[in-house]
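Participant: Sequence and computational prediction follow.
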Amino acid sequence: MGESGGARRRPANRRGAILLLMLLVCVVVGVVYVSFRVGQPSVDRKTRQMQKQSPQDYPWVEQWRIKGLNKSRPWGAGKEPVSGGQVQINRRSGLAGAVTSAGQERGGMSMVIEPDGTIEGKWSAEYEQAEPRSHHMITAGFKGNTDPTKPYSGSDTEKDDRLFVIARGSFFDVDTNYENGKVQRVTGYAYLAGWIDPNLSGSGRIHLTKDMREQRIFDWTGCSGGVPISFPQGGMNMHDLVRQALKPHER
């Protein structure tokens, strides 16, 4: 009798161990899922719908236009333009120009446009701000492409031959507040969007955001033959940028 009772308990113990193991697996999967979701910016449905109504203000709602994020939509010079006079990029071209905010200079930007419509660019800025009294150092890189399927939507109807460009990347920002002595280091997404003229001059905006809700917006203008900016060889060394930003500045 004792042996048969023990034999009955062993399957029950085995089932209990299996159930416990399954429970542990579910807990681990749940933790991993939650951690992944927390690490990704999320926007509620109402906010996303509002943003879609003004894509010129929230370029991430149009990031499906970026070739690197959707390789099944190969935008580029080989695609039929919307209008017969729309600019075509037939050779490797470069644009360089200035970035501003509220009329104040905010560094320079440059980009290269390939014949297939892909673009790659950089932006670097170092400036003082009066309110609050602070020093700012920003560097960003982005990749994207032209999209000849999007017609120009500006108020100047005579310039419907402009070519739309959109790119995404990342930024690194070091802000030193002179009033409280605090140094803030911010990273996030950098979006560039704008329009290219047939003479290869362009204009648009750069958007910096951490969470796809709040953002900082800068204006950019560029032309072919401008002076391109350059980062230190080997790419953007964030440690060097932080050390440089933390150096004493005039107050």
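Facilitator: Good, I have the coordinates.

Participant: For the rest of this, base every contact and every neighbour count on C-alpha atoms.
Facilitator: Will do.

Participant: you'd agree Trp60 is in a helix?
Facilitator: Yes - secondary structure of Trp60 (DSSP: H, G, I helix; E, B strand; the rest coil): part of a helix.

Participant: Is it correct that it is in contact with Tyr191?
Facilitator: Yes - using Cα atoms under 8 Å, Trp60 is in contact with Tyr191, at 7.3 Å.

Participant: Specify the local secondary structure of Gln63.
Facilitator: helix.

Participant: just for the protein, where's the confidence low?
Facilitator: 1-42, 68-85, 153-159, 226-227, 229-251 (pLDDT under 70).

Participant: 90 instead?
Facilitator: Low-confidence segments of the chain, defined by pLDDT under 90: 1-56, 63-64, 67-93, 115-117, 129-133, 147-162, 179-181, 198-200, 212-213, 224-251.

Participant: could you pull out the helices for it?
Facilitator: 2-39, 45-52, 238-245 (DSSP state H).

Participant: CA atoms of the second one as PDB?
Facilitator: Output in PDB follows, covering the C-alpha atoms of helix 45-52 (Å, rounded to 0.1, in the frame of the first residue of the first chain):
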ATOM      1  CA  ARG A  45      -4.500  56.700 -30.400                       C
ATOM      2  CA  LYS A  46      -6.000  60.200 -29.900                       C
ATOM      3  CA  THR A  47      -2.600  61.900 -30.100                       C
ATOM      4  CA  ARG A  48      -1.500  59.900 -33.100                       C
ATOM      5  CA  GLN A  49      -4.700  60.800 -35.000                       C
ATOM      6  CA  MET A  50      -4.200  64.500 -34.100                       C
ATOM      7  CA  GLN A  51      -0.600  64.300 -35.400                       C
ATOM      8  CA  LYS A  52      -1.600  62.700 -38.600                       C
END
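
Participant: Following the record's annotation, map out the domains of this protein.
Facilitator: When the chain is parsed with automatic domain parsing, its domains come out as 1-40, 45-245.

Participant: ok, now which ones touch the closest residue to Thr118 other than its chain neighbours?
Facilitator: In space, and not counting its chain neighbours, Thr118 is closest to Asn145: 4.0 Å by Cα to Cα, 6 or more residues apart in numbering. Residues in contact with Asn145 (Cα atoms under 8 Å, 6 or more residues apart in numbering) are Ile66, Lys67, Trp75, Gly76, Ile113, Gly117, Thr118, Ile119, Val165, Ile166, Ala167.

Participant: would TSV of these with neighbour count and distance to Gln184 be doable?
Facilitator: Formatted as TSV, those follow (neighbours: other Cα atoms under 10 Å; distance: Cα to Cα, whole Å):
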residue	neighbour count	distance to Gln184
Ile66	23	31
Lys67	22	33
Trp75	22	38
Gly76	22	39
Ile113	23	34
Gly117	25	37
Thr118	24	33
Ile119	21	31
Val165	25	31
Ile166	28	28
Ala167	27	26
